[in-house]
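Asker: fold the following for me, if possible:
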Amino acid sequence: MDILFLLIPLSVVLVFLIIAVFAWALKSGQFDDIEREGERILRADRDELDADQSSQIPATEESSPRIERVS
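Answerer: Numbers count the residues shown, from 1 in each chain. Predicted structure coming up:
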C-alpha cells in the first residue's frame, strides 16, 4: 500500500511529461504535412545527391520515380 504513495505521483509526472512532449511536437510543426514528407525521399533531385551516389544511378528517364496519387 505504501508503494502507491510513490507510483501515483510518478505516473502523474509521467503523464505531464508526455503531454509536454506532444505539445512541443505540435508547436514545432512535426505533424503539419505528413504526406509531403513521406514522398520527399521519392522525389529527390539528382543535384542533391553526393558525387559518389550520383555515379551509381543511371541517367535514364526510366530510373526516375513515378508517383501517382490515388484519390
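Asker: next one, pLDDT for Ile3 please.
Answerer: We have a pLDDT of 94 for Ile3.
Asker: try the one 10 residues further on
Answerer: On the pLDDT scale, Val13 is placed at 98.
Asker: shaky segments in the chain?
Answerer: For the chain, the stretches with pLDDT under 70 are 37, 44-71.
Asker: just the helices in it please.
Answerer: Assigned by DSSP state H, the chain shows helices spanning 4-27, 34-40, 51-54.
Asker: dump the ones you listed to JSON lines, plus mean neighbour count.
Answerer: Every residue, glycine included, has its C-beta placed from N, CA and C. As requested, the helices of the chain are arranged in JSON lines below (neighbours: other C-beta atoms under 10 Å):
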{"stretch": "helix 4-27", "mean neighbour count": "10"}
{"stretch": "helix 34-40", "mean neighbour count": "9"}
{"stretch": "helix 51-54", "mean neighbour count": "9"}
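Asker: ok, Ile8 to Val15 distance?
Answerer: According to C-beta to C-beta, to the nearest Å, Ile8 and Val15 sit 11 Å apart.
Asker: cool, and Ser28?
Answerer: Taking C-beta to C-beta, one finds Ser28 at 21 Å from Val15.
Asker: what's the answer for Gln30, then?
Answerer: As judged by C-beta to C-beta, Gln30 and Val15 stand 20 Å apart.
Asker: and for Lys27?
Answerer: Distance from Lys27 to Val15, by C-beta to C-beta: 19 Å.
Asker: how close does Ile34 sit to Phe22?
Answerer: Distance of Ile34 to Phe22, given as C-beta to C-beta: 15 Å.
Asker: go on, Val13?
Answerer: The value you get for Val13 to Phe22, if C-beta to C-beta is used, is 15 Å.
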